[in-house]
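Chemist: Show me how the following folds:
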Amino acid sequence: MASACVSALFLAALHQSSVKYLDLAIEGDTITARMTVAPGDLTDPLGLAPDATPSAIAAATPAAARYTRAWVTITGCTPGDARGPDLDGRFVAVSWTVRCAAAPTELDLDLGAFFAVDPRHEAIVRVGAEPPIVLRSSAPRWVIPVADGGIWRGWWLIAAGTVLVVVGIALRLRHLRRSENP
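Modeler: Below you'll find the model as predicted:
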């Protein structure tokens, strides 16, 4: 039992961070994508053993950039060539531009290829300045509305309306209590 626990901890230590960051910036019909990954997740395009631990500098190759870009598909849009990759501290950041037929009102994002590499991965997706969304292998596809103020605009309207209703009810109850107790 103890050896199984030690083996599990050893394997966990060998595995790089399972969290990857995907930042998407939309401007008209163009999306700029940037994915930040751990160098250990790029062993396949580098021709290394899966448990190898390359440095960020060693992993920052054009082959690794193409490999990373292939993880992300946006339906109705065409990805351009991957730029970089750039070093982002201990990580590798790959950027590319995606062209859509028209300015998207939603992003049909598919990370199935990303999760096929390792189902333990998690993708933290940020669209512009909106709050991040976490994608996991159980739901590798996500449709993100982006028109008319972004994905959270509707929630702010609902929250503001709810606050107004609650305040209105509280004021009405206060008025009723005062009228019952003159």
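Chemist: quick check: domain ranges of the chain?
Modeler: For the chain, automatic domain parsing gives the domain ranges 15-150, 152-182.
Chemist: Now do the same contact list for residue 94.
Modeler: Taking Cβ atoms under 8 Å, 6 or more residues apart in numbering, we find residue 94 in contact with 34-37, 64-65, 68-69, 82-86. In short, each C-beta sits where N, CA and C put it, glycine included.
Chemist: List the beta-bridge partners for it.
Modeler: Beta-bridge pairing for residue 94 (DSSP bridges): residue 35.
Chemist: Same question for residue 27.
Modeler: Here residue 27 sits in beta bridges with residue 30, as judged by DSSP bridges.
Chemist: Find the centremost residue of this protein, please.
Modeler: The chain has residue 125 as the residue nearest its centroid, 1.7 Å off, counting by Cα atoms, centre = their mean.
Chemist: Just the buried residues of the contacts of residue 94.
Modeler: Neighbour counting by 16 or more other Cβ atoms under 10 Å classes 34-37, 64-65, 68-69, 82-85 among those as buried.
Chemist: what's the lowest-pLDDT member of those?
Modeler: Across the set of those, residue 84 stands lowest in pLDDT, at 74.
Chemist: residue boundaries of the strands in this structure?
Modeler: 19-27, 30-37, 73-74, 77-79, 83-88, 91-100, 106-110, 122-127, 133-136, 141-145 (DSSP state E).
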